[in-house]
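> next come a sequence and a model predicted from it.
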Amino acid sequence: GQQLNQSPQSMFIQEGEDVSMNCTSSSIFNTWLWYKQDPGEGPVLLIALYKAGELTSNGRLTAQFGITRKDSFLNISASIPSDVGIYFCAGHLNNDMRFGAGTRLTVKP
Amino acid sequence: EAQVTQNPRYLITVTGKKLTVTCSQNMNHEYMSWYRQDPGLGLRQIYYSMNVEVTDKGDVPEGYKVSRKEKRNFPLILESPSPNQTSLYFCASSSPGRGNTEAFFGQGTRLTVV
């Protein structure tokens, strides 16, 4: 089935740096979501986007729903050690939720 | 506290031995779903349920069964597990607003089939 293309696969950054990751699809979605997964835990919702072109912030996180409805990006500003984890994008259309393969973020103090 | 609870957290079993992974949510959500997570593939939906007695196949349903006899519980059944079902499994329930898109996940069940 259709999976989302999420990049990069992994990132190693210094504390305080900004981070950007994105997700693309060949199909359109009505909703884009970004989740974070800590080791040994289930994914936790960070941001949900419901309208093409929408730009939404949640603290240091900012995400956008691409105007074509086929892509989304997530930015994290001024990273801190607790930002470490795997970030997943997800696209939703008609009860079908598709996830990207994840971006593994490592933050060096 | 609002939560999705899965049991067991870890399970090692042998090929062909039927098993059930339980999932329970206390948020009165109608929509529940099961996913498997494999390296490099992200999460893939196995089955979902819109409400009691209403279930439907997701992306990778082969080898799995589910039931939804009551709103809070959504067990995942592997009638004859095989090694390719070794994976990390997540149950999720979604709030009814916004088209059931915002999922709350359980802590996961790591299954190994030998």
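All right, it came through fine. Given the structure is predicted, the values throughout are model-derived calculations rather than measurements. Numbering: from 1, shown residues only, chains lettered A, B, ... in the order given.
> strands of the chain, residue ranges please.
You didn't pick a chain, so chain A it is. Taking DSSP state E as the criterion, chain A carries its strands at A:5-7, A:10-14, A:19-24, A:31-37, A:44-49, A:55-58, A:61-65, A:71-76, A:85-93, A:96-99, A:103-108.
> actually, chain B is the one I wanted.
B:4-7, B:10-13, B:19-25, B:31-38, B:42-51, B:54-57, B:65-66, B:76-78, B:87-94, B:103-105, B:109-113.
> just give me the neighbour total for the residue of chain B found nearest chain A.
Nearest to chain A, among the residues of chain B, is B:Phe105, at 3.2 Å (Cβ to the nearest Cβ). (Glycine included, C-beta is placed from N, CA and C.) Residues near B:Phe105, counting by other Cβ atoms under 10 Å in any protein chain shown, number 22.
> contact partners for it?
A:Tyr35, A:Gly42, A:Pro43, A:Val44, B:Val4, B:Phe90, B:Cys91, B:Ala92 (Cβ atoms under 8 Å, 6 or more residues apart in numbering or on different chains).
> bridged to it, which residues?
Beta-bridge partners recorded for B:Phe105 (DSSP bridges): B:Ala92.
> per-residue confidence at it?
Per-residue confidence (pLDDT) for B:Phe105: 95.
> same check, this time on the one 3 residues further on
At B:Gly108 the predicted local distance difference test score is 97.
> for chain B, what's the nearest residue on chain A?
A:Gly42 (3.2 Å).
> how about that residue, phi and psi?
phi -80, psi 160 (degrees, to the nearest 10).
> can you tell me the closest non-neighbouring residue to it?
B:Phe105 (3.2 Å; Cβ to Cβ, 6 or more residues apart in numbering or on different chains).
> what's opposite the residue positioned nearest the centre of chain B in the beta bridge?
For chain B, the residue nearest the mean C-alpha position is B:Trp34 (2.8 Å; Cα atoms, centre = their mean). Beta bridges link B:Trp34 to B:Tyr47, B:Cys91, judged by DSSP bridges.
> distance-wise, check it relative to A:Lys51.
To A:Lys51, B:Trp34 is 29 Å away according to Cβ to Cβ, to the nearest Å.
> now do the contacts for B:Gln3.
B:Gln25, B:Asn26, B:Met27, B:Phe104, B:Gly106.
> I'd guessed the second one sits against B:Arg72; true?
Yes: at 6.8 Å, B:Asn26 counts as touching B:Arg72 under the criterion of Cβ atoms under 8 Å.
> so between those two, which is more surrounded?
B:Arg72 (17 against 12).
> who's in contact with that one?
Taking Cβ under 8 Å, 6+ apart as the test, what B:Arg72 contacts is B:Ser24, B:Gln25, B:Asn26, B:Asn28.
> can I get the strands of chain B in TSV including distance to A:His92?
TSV is the format used below for those (distance: least, Cβ to Cβ, whole Å):
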stretch	distance to A:His92
strand B:4-7	18
strand B:10-13	29
strand B:19-25	19
strand B:31-38	11
strand B:42-51	11
strand B:54-57	15
strand B:65-66	20
strand B:76-78	21
strand B:87-94	10
strand B:103-105	9
strand B:109-113	24
